[in-house]
Structures are given as structure tokens and as C-alpha cells.
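A.B. asks: I would like to see how this sequence folds:
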Amino acid sequence: MTEKDPGLTRRLLLRAPAVGVAAAGVAVLSNPPAASAQAGPSMAYDVTTWVHSTNAAITCFTDIGALINDIIADIKKRQPNQSSKPGAVIYIPPGDYPLKTRVTVDVSYLTIRGDGHGFTSSSIRYNAGDTSAWHEIWPGGSRIRVENTDGKSEAFLVSRSGDPRLSSVVFDNFCLDGISFTPNQNSYANGKVGIRVDTANDAFRVERMGFVYLERALIIRDADALSVHGNFIAECGNCVELIGSGQASKVTDNHVGAGYIGYSIFAEGHQGLLIAGNNIFPRGKSLVHLRNTSRSSITGNRLHGFYPGMLDSDGVNKENLISGNHFRREPEPWAPMQPYDNGKDDLYGVMHLCGDGNMVTGNLFAYDVAPAKIKPSGAKPTMILVATGSNNHVSNNSVASNVAANAVVLDASTRGTKVIDSATASQFVTYATDYAFRATP
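C.D. replies: Sure, this is the predicted structure:
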């Protein structure tokens with residue numbers, strides 16, 4: 001083992017739950033000594049050994065939310081020096097933990113870390129009937145059951161007023177399980193939120209997490225240099241919501257799939273956002289939705305959807321690159337979910353584009369819907385609808401369809417759109433008068 005062994009701290013933490021310096025300046029705390037005037041070494045707290053400061057009956061097995069709030073209070077007490085606040089790690093070992101009280105995170109440099117995202121499909125279980133012979137039926141790993149008996153909707157609220165904004169908060173490798181969508185397990189609605197970041201923030205990371213059966217999994221407002229990477233976020237009403245504004249952030253290499261009521265990935269007011277390498281699966285009402293988001297890249301994603309508007313937009317979205325994505329559009333195959341859809345018909349477009357100066361290039365649209373399931377009846381489905389805006393560039397896109405389809409449609413309000421090698425003459429429809437078109441040979 002070398003001094004750079006990345007597993008060292010975790011292994012020592014697991015072996016040494018009592019107070020003491022484990023290694024490399026990392027203290028593992030259960031019952032710490034009195035706070036000093038100066039911040040000491042960075043501290044790692046284990047929720048299974050921490051004793052609540054005012055009520056020993058509160059443990060991670062009775063209310064992990066109240067316990068983590070007590071730990072955060074201890075972090076603030078131990079690091080009062082404005083110039084030396086290194087933060088801390090809160091460690092959640094594998095296990096099942098009820099969260100009855102919302103956690104409020106109002107310190108920077110805090111990592112909350114588990115040892116297993118624990119994702120498994122709850123929708124399959126709830127629609128399966130008899131599960132008595134199954135090996136397991138609930139999510140696992142470091143699993144937090146979001147119960148919230150305190151009247152709050154969030155498991156974690158990240159919020160702080162004043163300056164500077166919160167920085168470098170990390171949620172890593174544990175599971176947030178909303179448990180149930182009672183009384184209708186296919187409703188995607190229970191009022192529960194996994195993580196809500198409600199004030200401006202910098203360099204946050206949400207990585208290797210599992211989110212399941214939450215009405216809203218992850219909501220982040222006014223983000224700068226955010227990383228949402230390598231998570232399993234599915235069977236939630238909404239999965240990733242980037243709201244307000246943001247810049248230089250990324251949503252990458254995630255497995256994502258919202259319910260028919262919401263968004264898989266939603267971005268509002270963002271600049272320089274990278275959405276790349278995600279495997280986005282049904283059945284969100286849109287898989288990627290842009291609202292007033294500009295100079296961003298949506299590249300190299302695999303998108304599989306059951307409804308039109310797989311990539312949707314509204315407002316004015318400028319100078320975005322939408323490139324190298326694979327769109328797979330099919331009808332809902334699973335009987336329990338066939339009564340539901342997103343309310344849009346096939347003339348809306350697999351991609352619905354609003355804005356100026358965007359480039360849509362090198363994407364593959366694979367459309368496979370039985371004629372009887374196309375809406376409105378007898379219509380030719382639309383792959384790319386340029387709905388509003390000027391000077392958009394659509395080039396070198398490919399369509400594979402089981403029915404005759406319109407590859408590109410321009411609405412009357414559009415101006416200066418260039419459509420190059422993305423549709424044959426019979427696959428191109430324009431209601432605009434200002435455009436350029438070169439047919440696919």
C-alpha cells in the first residue's frame with residue numbers, strides 16, 4: 001500500500017470509529033473533545049458512531065436527518081476561524097436509515113458520502129404482484145429512506161444567505177429512496193424532493209448517487225461549475241432540474257429516466273452547459289428540455305423515449321450545439337404504463353427547437369411506431385421541428401423510420417434556417433419563406 005492509496009481513509013475510518021487521528025490528518029469522530037478556537041485537522045464523521053449532542057435517543061437508525069443536522073452544528077462549532085474552515089466528511093456506511101427530519105446544509109467544503117448507490121427498480125416491484133420469492137425488493141447500499149415527518153418536502157436543503165456563496169459541497173455514493181407513490185404507484189407524485197440547492201453555489205458535485213421514487217430528485221438553483229456525474233436517477237417525477245441560471249456546468253455519464261409527468265434533464269437560463277454521455281431512458285415527458293439556455297453542448301447522448309418532444313425547448317435558446325446523439329422513439333410497450341403519455345402528438349417533433357443560431361448536426365433519429373399508434377391518425381411524424389428562431393443550422397442528420405416521416409419541418413416564423421443533407425426533398429416541409437435547403441442525395 002502506498003501513501004497515495006485512495007482507499008486508505010475509508011478503510012481506516014471503518015476500522016477506527018473512536019476519536020483519534022486515523023491517517024493523513026483525518027480525524028474519525030464519535031464523541032469529540034471540546035472545540036478549540038482554531039480549526040483542527042479535517043474531520044470525518046461516521047453516522048453510526050456519532051452521539052447526538054442533546055438527545056442520545058436520536059441515532060442514524062431513528063432519524064438520520066436529525067443526526068446529520070447535529071453533526072453539521074458540530075462542524076460549525078469546531079471551525080469558527082474565518083480563514084481556516086476546511087470542512088468535513090460525513091460517512092454513511094451501507095445500511096437502511098430513516099430520514100424524518102430535513103437536513104439543512106449551510107457550510108461549504110462538506111462531503112456527504114456513502115458506500116453504494118443502491119439503485120434498483122421500484123416500479124417493476126410495485127407492478128409485479130407477488131414478490132415473495134424475490135432475492136430482494138428494496139434499494140440497498142447506503143440507503144436513506146425519505147420519510148419526512150417534519151412537514152418538509154426535501155431530504156436535503158442546501159441554502160445559505162450572504163457572501164460568499166456556498167462552495168464545494170459534495171453528495172457522493174448513497175441512495176435517496178422516496179419509498180412509495182401512494183396511493184398510485186404509477187403516479188410519480190408524492191411531494192418528496194431528494195436534494196434541493198436553493199441559493200447560489202460554486203463547484204458542487206453530485207456523483208455516484210442513486211435516486212428513486214422521488215417526485216423531484218435533484219433541484220439546483222444558480223449553479224456555477226456544477227458536476228452531476230455518474231448517477232442513477234430514475235423512476236422519479238423529475239430527475240435533474242437546473243433552475244434559475246447557471247454557467248460552466250455539466251451533466252455527464254448518468255443513467256437518467258423520469259416519469260411521464262416531468263423532465264429527465266431540465267436546464268433553465270444556463271450558459272456553457274455540457275450534457276454529454278448520458279443514457280437517458282423512458283418515460284419522461286421530455287428527456288432533455290432547454291429553456292433560455294445558450295452556448296451549451298448536448299452531445300453523445302443516447303435518448304430512448306416513448307413520446308414526442310424527446311429533446312424539447314422553449315424561450316430563446318442561442319448558439320447551442322446538438323450533435324452526435326442517438327434518438328430512439330418507440331411506443332410504450334409496458335401495459336401498466338400504456339394509459340399515460342405527455343399529451344403531445346407526432347407533429348410536435350422528436351426534437352422541438354426554439355431559438356437562434358443553434359447547430360443540429362450528426363444525430364441519428366430511429367423511429368419505430370406502429371401506424372395505428374401515431375397521433376394524429378394518418379399523420380407523417382416529424383423528426384426535427386424548428387419551431388421558432390433565426391439562423392439555425394441543421395446538417396448531416398439521419399433518419400431511420402418504419403413509416404414515411406418528415407425529417408425536418410420549418411414553422412412559418414423561422415428565418416434563415418439552413419437545412420443541409422438532413423432530409424430528402426420528400427422529407428422536408430417548410431412553412432417559412434426565408435431558408436436554404438440542400439436535399440440528402
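A.B. asks: so what sits opposite Tyr367 in the bridge?
C.D. replies: Beta-bridge partners for Tyr367, by DSSP bridges, are Arg329, Ser401.
A.B. asks: okay, now it: neighbour count?
C.D. replies: Neighbour count of Tyr367, defined by other CB atoms under 10 Å: 21. C-beta coordinates here come from the backbone N, C-alpha and C atoms, glycine included.
A.B. asks: wait, it sits on Asn406?
C.D. replies: No - contact criterion CB atoms under 8 Å: Tyr367 and Asn406 do not qualify, at 10.7 Å.
A.B. asks: that's a strand at Thr62, yeah?
C.D. replies: No - counting by DSSP: H, G, I helix; E, B strand; the rest coil, Thr62 is not found in a strand; it is helix.
A.B. asks: pLDDT below threshold where in the protein?
C.D. replies: Applying pLDDT under 70 to the chain picks out residues 1-42.
A.B. asks: how does it divide into domains?
C.D. replies: Using automatic domain parsing, the domains assigned to the chain come out as 7-92, 94-233, 237-441.
A.B. asks: which SSE is the spatially most central residue of the chain in?
C.D. replies: Centroid check for the chain by CA atoms, centre = their mean gives Val240 as the closest residue, at 3.0 Å. Using DSSP states H and E, Val240 sits within strand 238-247.
A.B. asks: residues of that strand that come out buried?
C.D. replies: 238-247 (16 or more other CB atoms under 10 Å).
A.B. asks: quick revisit: the residue nearest to the centre of the chain contacts Phe266, doesn't it?
C.D. replies: Yes - with contact defined as CB under 8 Å, Val240 reaches Phe266; the gap is 6.7 Å.
A.B. asks: okay but Asp421 is in contact with Ser398, surely?
C.D. replies: No - look at Asp421 against Ser398 with CB under 8 Å: they stay out of range, at 9.2 Å.
A.B. asks: would you list every one of the helices in the stretch 201-350 of the chain?
C.D. replies: For the stretch 201-350 of the chain, no helices are identified by DSSP state H, counting those that start in this stretch.
A.B. asks: list the beta-bridge partners for Val288.
C.D. replies: With DSSP bridges as the rule, Val288 is bridged to Ile265, Leu311.
A.B. asks: ok, the one 10 residues further on next?
C.D. replies: According to DSSP bridges, Ile275, Ile322 are recorded as the beta-bridge partners of Ile298.
A.B. asks: that one: neighbour count?
C.D. replies: Neighbourhood size, Ile298 [other CB under 10 Å]: 27.
A.B. asks: pretty sure it sits against Ser313.
C.D. replies: No - between Ile298 and Ser313 there is no contact under CB under 8 Å: 10.3 Å.
A.B. asks: just the CA coordinates for stretch 240-250, please, in CSV.
C.D. replies: The C-alpha trace of stretch 240-250 is given here as CSV (Å, rounded to 0.1, in the frame of the first residue of the first chain):
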residue,chain,number,x,y,z
VAL,A,240,-32.3,16.7,-12.9
GLU,A,241,-33.6,20.3,-12.7
LEU,A,242,-31.1,23.1,-13.2
ILE,A,243,-33.2,26.2,-12.5
GLY,A,244,-32.8,30.0,-12.3
SER,A,245,-29.4,30.4,-14.1
GLY,A,246,-26.0,28.7,-14.3
GLN,A,247,-22.7,28.6,-16.1
ALA,A,248,-19.9,26.2,-17.0
SER,A,249,-21.7,23.1,-15.5
LYS,A,250,-22.0,19.6,-16.7
